[in-house]
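>>> With the sequence up front, the predicted model follows.
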Amino acid sequence: MINVLLVEDDDADILILQEAMNITEFQNRLFIARDGLEALELLQDETYPNPDFILLDLNMPKMDGHQVLKWIKNHPELRRIPVGILTTSSAERDIEKAYKNYASYYITKPSSFQELKLVVQAINDFWTKIVCLPKRYNYGKENN
């Protein structure tokens, strides 16, 4: 089981993603930050296990996803954490900016629940069956 941080401000999107994860038997521990500042607080909290990967929305209050991504990638102890963008924006400028700031991938949120389940299943399969992750590497934190 791996740790996943979902950074999403929309309660409806959180519920829909959680439902899709439950249906697809998403085999990961999910932590939720409801805005960019909360995400940064969690990532700096020594008692919180750093995630193995982050799912990041772009359009959020207080600190948007682009700012969060840039902050993570500018911190040596956190920059190794893969950050995937999962957002409603399909704007080319957002896609380019995300990759410029070292996003691992960019996914536009599907419009139907059926498509979302497929995306969630693909993300789960990728991170739990395909990718090799270091054994509980804590990205600069003490053993969690």
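Ah, there it is. Residues are numbered from 1 along each chain as shown.
>>> Could you look up the SS state of the residue nearest in space to the middle of the chain?
Taking Cα atoms, centre = their mean, the centroid of the chain lies closest to Leu55, which sits 1.5 Å from it. Using DSSP: H, G, I helix; E, B strand; the rest coil as the criterion, the local structure at Leu55 reads strand.
>>> Please list all residues in contact with it.
By Cβ atoms under 8 Å, 6 or more residues apart in numbering, the contact list for Leu55 reads Val4, Leu5, Leu6, Val7, Glu8, Gly84, Leu86, Ile123. C-beta: built from backbone N, CA, C; applies to glycine.
>>> The third one and Ile14 touch, don't they?
Read it as Leu6. Yes: shown here, Leu6 and Ile14 form a contact pair, counting by Cβ atoms under 8 Å, at 7.0 Å.
>>> Which one's more surrounded, those two?
Leu6 (21 against 16; other Cβ atoms under 10 Å).
>>> re the thing from before, could you measure from the residue nearest to the centre of the chain over to Leu6?
The gap separating Leu55 from Leu6 is 5 Å, by Cβ to Cβ, to the nearest Å.
>>> And for Pro82?
14 Å.
>>> which residues are common contacts for the two?
Counting by Cβ under 8 Å, 6+ apart, the residues touching both Pro82 and Leu6 are Ile54.
>>> about what we covered before: just checking, which of the contacts of Leu55 belong to helices?
Ile123 (DSSP state H).
>>> Show me where the protein has its helices.
Going by DSSP H, the chain shows helices at 11-23, 36-44, 65-73, 92-100, 113-125.
>>> so what secondary structure elements neighbour the third one?
So that's helix 65-73. helix 36-44, strand 53-56, strand 83-87, helix 92-100 (3 or more Cβ pairs under 8 Å, 6 or more residues apart in numbering; DSSP states H and E).
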